[in-house]
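In: below is the sequence, then the predicted model.
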Amino acid sequence: MALSRRAMITGLSMSFLTTPAKAGAGVVPRPDGTPEQVARDEEFWRAVARQFKVSPDFVNLENGYFGSMPEPVRLAYHRHVDVLNEQNSRLLRTSYKKQAEEIAARVGALLGVSGEEIALTRGGTEALQNLITGYRRLAPGDVVMYSDLDYHSGQYAMKWLIGRRGVRVERLVIPEPATRRAVLDVYAKALSSTPRLRLLLVSHMNNRTGLVLPVREIIAMARERNVDVIVDAAHSWGHLDFTIPDLDADFGVFSLHKWIGAPLGSGFLHIRKSRLADVDPVFADETYPASDIRSRVHSGTMDVAPVLSVGTALDFHNALGAPAKEARLRYLRDRWVHQVRDLPNVEILTPEDPSMYGAITAFRITGRTTEADNQAIVDRLFERHRIFTVRRGGVSGGDCVRVTPALFTSRDDVDLFARALREIALG
Ligand SMILES: Cc1ncc(COP(=O)(O)O)c(C=O)c1O
């Protein structure tokens, strides 16, 4: 008997939705409709939220550090920890290599590239560090560039190149307000006015304000000048619906423990096959031949339970579907932003261009630009409203407060936050 959409999420099948114990189960059937319609179906998202065992003690709007695992993934992870402990090196010496290859192949297929262009890492940071420090087309006097909004460990690795490769580092400032045109103009100017520029780090979605950059256009402009781009997609993949060919990227950094919902300790890097020789094997690794991308990552003996759980996380991601996830996350951001954006002293640090944001958006109260100012706002949100957010620094325009809903965030949660922010802004 075919169940109606409502019956599927409200009726007899409810027990299925709330008992995600079996492997691969617990995935909520997605209702019919466009991604935007699904995004507004609060009943469906309540069912999705039940897949996350998160603290009821506070409203977590700080999901930009890492993503909580949905129940199927948490349970798979626990199982993999047990199996790893039971089998010990037998697992690592026999089945693990093949399982890791299968994960890389699945990740590659979702991203529109070959698994041979994917090397698993313990997260985005390891991917950033290995790509930046291994990038070999640099000569003394060349210039590498990042922006004020790039991730701090990416910035550090770029500065590390000064001593190691004799390069100069330049930092560009992403303009506020950050329109598409203004961003492209800043990159165009940097490219045309920096003749020795060889390498650009570009965050697809940065961790400070949440701004999404027009990466494809930036890569195209850079390529015309023989400048390579490392795309930091740690926050964007699993959050926004795109593939690597959509970006036309040669080098990419990804995290699986953010928006894919895999356990902490999972990520990967991507190098286009034809560009592999432009990145050194890490620490002169000889475990794999230089023609194998796995020689660009050597993490040593590590916890492989997170990697082994990635398949379940990808199942959950696919069941919801990237377009519905993206639409829901953007809807939650729009919902609070549209309640406060007209307040004269509230600066929203992502523009009203849907191609330039997802769930993450930072705000600033005009004139309150210091660390102390913004920490005070974060503290007040928590103490008075039990809403958890985070202060972010490093933005040229001043510190701000970052707000990041998750798949388990409700419309009521973001409405509560919007009311609290109005009170702060008007008070
Ligand atoms: C934009 C960006 N890049 C890279 C990273 C590093 O990723 P990971 O936490 O997986 O090491 C982060 C982490 O927050 C990030 O926000």
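Out: Here it is on my side, so go on. Numbers count the residues shown, from 1 in each chain.
In: excluding its backbone neighbours, what's nearest residue 199?
Out: Leaving aside its sequence neighbours, residue 199 sits nearest to residue 144 (CB to CB, 6 or more residues apart in numbering; 4.3 Å). Just so you know, the C-beta spots here come from the backbone N, C-alpha and C atoms, and that holds for glycine as well.
In: no no, residue 138
Out: Going by CB to CB, 6+ apart, residue 138 has residue 165 as its nearest residue, at 4.4 Å.
In: count the neighbours of whatever residue of the stretch 301-427 of the chain ends up closest to the ligand for me.
Out: Closest to the ligand within the stretch 301-427 of the chain is residue 360: 9.0 Å, counting by CB to the nearest ligand atom. Counted with other CB atoms under 10 Å, residues neighbouring residue 360 total 27.
In: ok and the residue in this protein nearest the ligand?
Out: residue 124 (2.4 Å).
In: pretty sure residue 343 sits against residue 425.
Out: Yes: at 4.8 Å, residue 343 and residue 425 qualify as touching, with contact defined as CB atoms under 8 Å.
In: just confirm residue 261 contacts residue 73, I think it does.
Out: Yes: counting by CB under 8 Å, residue 261 touches residue 73, with 5.6 Å between them.
In: give me the common contacts of those two.
Out: Residues touching both residue 261 and residue 73 (CB atoms under 8 Å, 6 or more residues apart in numbering): 313, 316.
In: residue 366 - how many residues pack around it?
Out: 12.
In: repeat for residue 242
Out: 19.
In: may I have the secondary structure class of it?
Out: coil (DSSP: H, G, I helix; E, B strand; the rest coil).
In: got the phi and psi for it?
Out: Backbone torsions of residue 242, given as degrees, to the nearest 10, read phi -150, psi 170.
In: A helix includes residue 199, no?
Out: No: assigned with three-state DSSP, residue 199 falls outside any helix and is strand.
In: going forward, count from 754.
Out: I'll keep to 754 as the first residue from here, and by that count the last item is residue 952.
In: count of neighbours near it?
Out: Residues near residue 952, counting by other CB under 10 Å: 25.
In: surely it touches residue 980?
Out: Yes: Residue 952 lies in contact with residue 980 (CB under 8 Å); the separation is 6.9 Å.
In: buried residues in whatever helix or strand residue 936 lives in?
Out: For residue 936, the host element (DSSP states H and E) is helix 933-946. By neighbour count with 16 or more other CB atoms under 10 Å, helix 933-946 contains the buried residues 936, 939-940, 943-944.
In: quick one: the helices in the stretch 1054-1180 of the chain?
Out: 1058-1061, 1063-1073, 1075-1093, 1124-1138, 1164-1179 (DSSP state H, counting those that start in this stretch).
In: ok, and what's touching the longest one?
Out: The set of residues external to helix 1075-1093 that reach it, using CB under 8 Å, 6+ apart, is 783, 787-789, 791-793, 798, 963, 991-994, 1012, 1070, 1099, 1101, 1103, 1107, 1110-1114, 1116, 1156, 1158, 1160, 1162, 1164, 1167-1168, 1170-1172, 1174-1175, 1178.
In: please pick the buried ones from the residues you listed.
Out: For those, buried by 16+ other CB under 10 Å: 783, 788, 791-792, 798, 963, 991-994, 1012, 1070, 1099, 1101, 1103, 1110-1114, 1116, 1156, 1158, 1160, 1162, 1164, 1167, 1170-1171, 1174, 1178.
In: give me every residue in the stretch 954-1103 of the chain lying close to the ligand.
Out: 956, 959-960, 985, 987-988, 1008, 1010, 1020 (CB under 6 Å from any ligand atom).
In: most neighbours among those residues, please name it.
Out: residue 985 leads these on contacts (other CB under 10 Å) with 31 neighbours.
In: pLDDT at that residue, what is it?
Out: Looking at residue 985, its pLDDT reads 99.
In: who touches residue 1063 in this structure?
Out: 856, 859-860, 1009, 1013, 1015, 1019.
In: so which pair among those residues is furthest apart in space?
Out: Taking CB to CB, the two most distant members of these are 859 and 1019; they sit 12.7 Å apart.
In: tell me which of those two has more neighbours.
Out: A count of neighbours by other CB under 10 Å puts residue 1019 above the other of residue 859 and residue 1019, at 29 against 17.
In: just give the nearest non-adjacent residue to that one, would you?
Out: residue 1009 (3.9 Å).
In: tell me, how many residues neighbour the one you found?
Out: 33.
In: does it touch residue 1066 like I think?
Out: Yes: using CB under 8 Å, residue 1009 is in contact with residue 1066, at 6.7 Å.
In: overlap in contacts of the two?
Out: residue 1015.
In: look up which helix or strand residue 1021 falls in, please.
Out: strand 1020-1024.
In: now that strand: how far from the chain's centre is it?
Out: Chain-centre distance of strand 1020-1024: 13 Å, with CA atoms, centre = their mean, to the nearest Å.
In: then stretch 1028-1043?
Out: 26 Å.
In: in the chain, which spans are strands?
Out: 812-813, 871-874, 896-900, 921-925, 950-956, 981-985, 1004-1008, 1020-1024, 1099-1101, 1114-1118, 1140-1141, 1143-1145, 1153-1156 (DSSP state E).
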